[in-house]
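> fold the stuff below for me.
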Amino acid sequence: MYINVSSLYAEVGVYFPISYKVDNLIIHEINEKITGPYKLDLVNKDQLISLMVTTNKATIELEVKGPDYYKKDDIKVWALYLPYYRITEAPDVIEAYLHFFFQGAYEVLKEYNVKLEDLEHVRDTIKKTIKSSPEDFFYDEEKERTPEIDLSDLDLD
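Next comes the predicted model:
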């Protein structure tokens with residue numbers, strides 16, 4: 001089993017200003033400190049657990065929905081609806097994001113007997129890593145935006 005983190009924002013202009021580098025750090029730390037020690041990598045060996053972060057302006061409390069199961073590829077996708085304003089208006093956006101993300105992750109991973117304190121330890125390790133070099137995890141909208149693709153030169157007729 002491998003745990004992945006992704007995001008999908010369906011409401012225009014609504015997103016968390018969190019760098020993909022933070023999500024990559026979460027993926028690395030969860031798989032190293034949870035998947036391995038709990039031997040989840042030996043259970044359902046080829047299964048992917050995807051924790052998909054999403055939100056909208058109406059989301060005021062954490063909601064965990066799912067899983068959607070894709071049998072052919074053995075993927076379970078859980079949607080973590082994180083509270084939009086409670087994160088974006090927090091004094092420390094990354095800390096608020098990590099708080100709600102790991103609450104949601106626990107709701108999913110407790111089914112695999114993962115202990116809350118172990119996830120909290122992972123969260124705290126991530127916080128320390130980010131605080132030790134915040135410039136490495138800074139969200140730069142210009143750099144992280146998907147570039148627009150100019151298709152005007154293509155003959156699509």
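
> residues making contact with stretch 115-124?
Stretch 115-124 is contacted by residues 29-30, 33-34, 37, 98-99, 101-102, 105-106, 109-110 when judged by C-beta atoms under 8 Å, 6 or more residues apart in numbering. The way it works is simple: take the backbone N, C-alpha and C, and place the C-beta from them, glycine included.

> residues of it that come out buried?
Using 16 or more other C-beta atoms under 10 Å as the burial criterion, the residues of stretch 115-124 that qualify are 118-119, 122-123.

> among those residues, which ones are in helices?
The members of those that map onto helices under DSSP state H are 118-119, 122-123.

> contact partners of stretch 10-17?
Applying C-beta under 8 Å, 6+ apart, the external contacts of stretch 10-17 come out as 7, 9, 53-57, 82, 84, 87-88, 93, 97, 139, 141.

> pLDDT check: weakest of those residues?
Confidence by pLDDT is poorest for residue 141 among the contacts of stretch 10-17, given 67.

> CA atoms of stretch 130-142 as CSV?
This file holds the C-alpha atoms of stretch 130-142, laid out as CSV (Å, rounded to 0.1, in the frame of the first residue of the first chain):
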residue,chain,number,x,y,z
ILE,A,130,9.0,23.6,7.3
LYS,A,131,10.0,26.0,10.1
SER,A,132,13.7,25.2,9.8
SER,A,133,13.7,26.3,6.1
PRO,A,134,10.4,28.1,5.3
GLU,A,135,11.9,29.5,2.1
ASP,A,136,11.9,25.9,0.7
PHE,A,137,8.2,25.6,1.2
PHE,A,138,7.0,29.1,0.4
TYR,A,139,4.0,29.2,-2.0
ASP,A,140,4.8,31.3,-5.0
GLU,A,141,1.7,31.6,-7.2
GLU,A,142,3.7,32.6,-10.3
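
> now it: buried residues?
Residues 130, 137, 139 are the ones in stretch 130-142 that count as buried (16+ other C-beta under 10 Å).

> confidence score at residue 3?
With respect to pLDDT, residue 3 has a value of 96.

> torsion angles phi and psi at it?
Main-chain dihedrals, residue 3, degrees, to the nearest 10: phi -110, psi 130.

> that one reaches residue 44, doesn't it?
No - in terms of C-beta atoms under 8 Å, residue 3 does not count as a neighbour of residue 44; the distance is 11.6 Å.

> pick out whichever of the two has more residues nearby.
Taking other C-beta atoms under 10 Å, residue 3 and residue 44 do not tie; residue 3 has more neighbours (21 against 14).
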